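Chemist: show me how the following folds:
(one chain, ligands or ions: 1)
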Amino acid sequence: MARETWATRLGFILAAVGSAVGLGNIWRFPWQTAENGGSAFLVVYLGIVLLVGVPGLLGEFVIGRRANKSPVGALRELSGQRSWGFIGMFSVITGISLLSFYSVVGGWIMRYLLESGVSLVGSDPAYFTNPGQYFGGVSAGADAALYHLLFLGLTALIVFAGIRKGIELGTKIMMPAVLVLLGGLAAWAATQPNAAAGYAFFLRFDPSVISENFFAILGPAAGQALFTLSLGAGTMITYASYLGEDRSLPFDGSAIAVLNTSVGVITGLVVFPLLFSQGINPTETGTGPGALFVGLAGAFSQLPAGTLIATAFFAVVTLAALSSSISMLEIPVAFLVDEYDVSRKRAVAGMAGLVAVTGTVCAFEPSIFGFVAGTLVNILLTAGLAAFLLFVGWVMGRDAIEELASGAGSLGRSLSTPWLFAVGIVLPLFLVFTLLTHFGVDGSIGFWRTVGIAVVASAVAFFGLRRPESVV
Ligand code: TRP
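Modeler: Numbers count the residues shown, from 1 in each chain. Sure thing, here's the model as predicted:
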């Protein structure tokens, strides 16, 4: 059967933006910003998105479009080596890990959406009375597992429908809805009393906070930049594999980064004024995955028409989360379809069945959830992107330049040589360094973990530097 492709020019951009815009922008970004010094974090994060994110995104695009295959097949075919296929296998594991916790958070969101929607007629949503206690009750256990299955089921339905009729059509509807609703919420948030304090916390630039905490901010900011751009898991390799040669990758990549970052910033323009208008200081609401739910739910409860606002907000977040979760499920699904000729239907059923189980474990065990959503994902994404970029720089080499230039204007072509230098050398070094800082800052790294990371990093570098004769 012929491989599917995107139907329209806009289709690919919207699908990739849909993947990028998600819980990372709405749930993780404000929480990380609050935890890491407000505007200082924003500045470092924006810098990394620009200097690492955009070239990194192009790296994944180049691999995917060159091979027209998902990561495992792409790395194996372009290198002519089986061992690269094994490295590609990590993307399958990463996709499954990501979806396992993401689907649980998606479930929380749907839970809040239903609770708010039902309360549009009748009494206040239950979480208005005691947001902390409510979140505690629904975030783990049977409730969380049930809503995780609901969210996963919706994800599976869209992926099941295929690239054009599922992912492309779905994101074409979901993304404009997200942008319009979010814009409306931001405009409305501006009218709230004391909104200015929220803007100040979020936007006032204070260089001393950066210089004093640079290394502490670096790890989380880099992790956030990769997570939000969906980098390091092969999602963007997979999406680009359905792409024709006539698209300008530099143009599409920049458009995706700009749109994604704008949504992150607009979310901040909703969340921070809202919190401050209700006298909630995000640095004091405590940390952890519940911070946004508890803080915002508290703010909603004090607002006139709070239930309506809450319903709109959670509807936005549900759509944004779904357009991301489909991109996670598509990684292992494309792997089965491409490598084993499994039908899309069976691949979706099998992989969704697997994540139904792994996600349920996350839903019942907050400690496992925390490990997967935090440490594990950080390691997999950072190491994954480093491996992909080493591949682009050292295995693809000139081919990568050619691929990047195809369909790109003269500006894109002239940038391709410095770009290759960046993705082959500078960015992998930065990523490995970040990985280490991240652990160091955590304070949780012991001797054996340091050794383990060093071994993995050298193995990746070793494979990356072995340029096979079959290519060139
Ligand atoms: N970028 C998405 C978000 O911000 C999450 C996501 C989707 C993702 N696909 C990914 C993260 C692949 C890492 C890798 O919510």
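
Chemist: helix/strand/coil for the residue of the stretch 251-400 of the chain found nearest the ligand?
Modeler: Of all residues in the stretch 251-400 of the chain, residue 324 sits closest to the ligand, at 4.0 Å by CB to the nearest ligand atom. The way it works is simple: take the backbone N, C-alpha and C, and place the C-beta from them, glycine included. Counting by DSSP: H, G, I helix; E, B strand; the rest coil, the backbone at residue 324 sits in helix.

Chemist: now it, nearest residue through space, not along the chain?
Modeler: Closest residue to residue 324 apart from its sequence neighbours, by CB to CB, 6 or more residues apart in numbering: residue 22 at 3.0 Å.

Chemist: who's in contact with the residue of the stretch 251-400 of the chain closest to the ligand?
Modeler: Counting by CB atoms under 8 Å, 6 or more residues apart in numbering, residue 324 touches 18, 19, 20, 21, 22, 23, 24, 102, 230.

Chemist: out of those residues, which is most surrounded?
Modeler: Sorting the contacts of residue 324 by how many neighbours each has (other CB atoms under 10 Å) puts residue 21 first, at 32 neighbours.

Chemist: how close does that residue get to the ligand?
Modeler: Per CB to the nearest ligand atom, to the nearest Å, residue 21 is found 6 Å from the ligand.

Chemist: phi and psi next, for that residue.
Modeler: Main-chain dihedrals, residue 21, degrees, to the nearest 10: phi -80, psi 120.

Chemist: need the pLDDT of the residue nearest to residue 324.
Modeler: We have a pLDDT of 91 for residue 22.

Chemist: that one touches residue 323, doesn't it?
Modeler: Yes - with contact defined as CB atoms under 8 Å, residue 22 counts as touching residue 323 (6.8 Å).

Chemist: show me which residues of the stretch 51-200 of the chain sit near the ligand.
Modeler: Counting by CB under 6 Å from any ligand atom, the stretch 51-200 of the chain comes close to the ligand at residue 98.

Chemist: which single residue in the stretch 51-200 of the chain comes nearest to the ligand?
Modeler: residue 98 (5.6 Å).

Chemist: so what's that residue closest to, chain neighbours aside?
Modeler: residue 328 (4.8 Å).

Chemist: hang on, the one you found packs against residue 97?
Modeler: No - counting by CB under 8 Å, residue 328 sits too far from residue 97 to count as a contact (9.1 Å).

Chemist: so these two - more neighbours on which side?
Modeler: Using other CB under 10 Å, the more surrounded residue of residue 328 and residue 97 is residue 328, with 27 against 22.

Chemist: which pLDDT value goes with that one?
Modeler: Looking at residue 328, the pLDDT reads 96.

Chemist: give the buried residues for the helix or strand that contains it.
Modeler: Secondary structure from DSSP states H and E places residue 328 in helix 306-340. Buried residues in helix 306-340, counted by 16 or more other CB atoms under 10 Å: 306-307, 309-339.

Chemist: list the buried residues of the following helix or strand past it.
Modeler: Next helix or strand after helix 306-340 toward the C-terminus (DSSP H and E): helix 344-364. By neighbour count on 16+ other CB under 10 Å, the buried set for helix 344-364 is 344, 347-348, 351-352, 355-356, 358-360, 362-364.

Chemist: same deal with stretch 410-425?
Modeler: By neighbour count on 16+ other CB under 10 Å, the buried set for stretch 410-425 is 412, 413, 415, 416, 419, 420, 422, 423, 424.

Chemist: helix/strand/coil for the residue lying farthest from the centre of the chain?
Modeler: Within the chain, residue 122 marks the point farthest from the mean C-alpha position, 36.4 Å out by CA atoms, centre = their mean. Judged by three-state DSSP, the three-state class of residue 122 is coil.

Chemist: tell me the angle the longest helix along the chain makes with helix 306-340.
Modeler: Ranked by number of residues, the top helix in the chain under DSSP state H is helix 82-118. Using axes from the mean of the first three to the mean of the last three CA atoms, to 10 degrees, the direction of helix 82-118 lies 160 degrees away from that of helix 306-340.

Chemist: among the contacts of residue 324, which ones are in helices?
Modeler: 18, 19, 20, 23, 102.

Chemist: between the residues you listed, which sits nearest residue 157?
Modeler: Proximity of the ones in helices among the contacts of residue 324 to residue 157 was ranked by CB to CB; the top entry is residue 18 with 15.4 Å.

Chemist: quick one: contacts for the closest one?
Modeler: 167, 170, 171, 174, 175, 320, 323, 324, 326, 327.

Chemist: which strands and helices lie in contact with the host helix or strand of the fifth one?
Modeler: Per DSSP H and E: residue 175 is located in helix 169-190. Here helix 169-190 is seen to pack against helix 9-20, helix 249-277, helix 306-340 when contacts are counted using 3 or more CB pairs under 8 Å, 6 or more residues apart in numbering; DSSP states H and E.

Chemist: angle of the shortest one against helix 249-277?
Modeler: Per the same axes, to 10 degrees, the angle that helix 9-20 makes with helix 249-277 is 40 degrees.

Chemist: from now on call the first residue 592
Modeler: In the new numbering, first residue 592, that becomes helix 600-611.

Chemist: export only the CA atoms of helix 600-611, formatted as CSV.
Modeler: C-alpha atoms of helix 600-611 as CSV (Å, rounded to 0.1, in the frame of the first residue of the first chain):
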residue,chain,number,x,y,z
ARG,A,600,0.6,22.6,2.8
LEU,A,601,-1.0,23.8,6.0
GLY,A,602,-1.7,20.3,7.1
PHE,A,603,1.8,19.4,8.1
ILE,A,604,2.4,22.7,9.9
LEU,A,605,-0.8,22.4,11.8
ALA,A,606,-0.2,18.8,12.7
ALA,A,607,3.3,19.7,13.9
VAL,A,608,2.1,22.7,15.8
GLY,A,609,-0.6,20.5,17.2
SER,A,610,2.0,18.1,18.5
ALA,A,611,4.1,20.9,19.9
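
Chemist: after it comes which helix or strand?
Modeler: Defined by DSSP H and E, the subsequent element after helix 600-611 is helix 614.

Chemist: just checking, what packs against that next one?
Modeler: helix 673-709, helix 897-931.

Chemist: from the middle of its chain, how far away would the longest one be?
Modeler: In terms of CA atoms, centre = their mean, to the nearest Å, the gap separating the centre of helix 673-709 from the centre of its chain is 10 Å.
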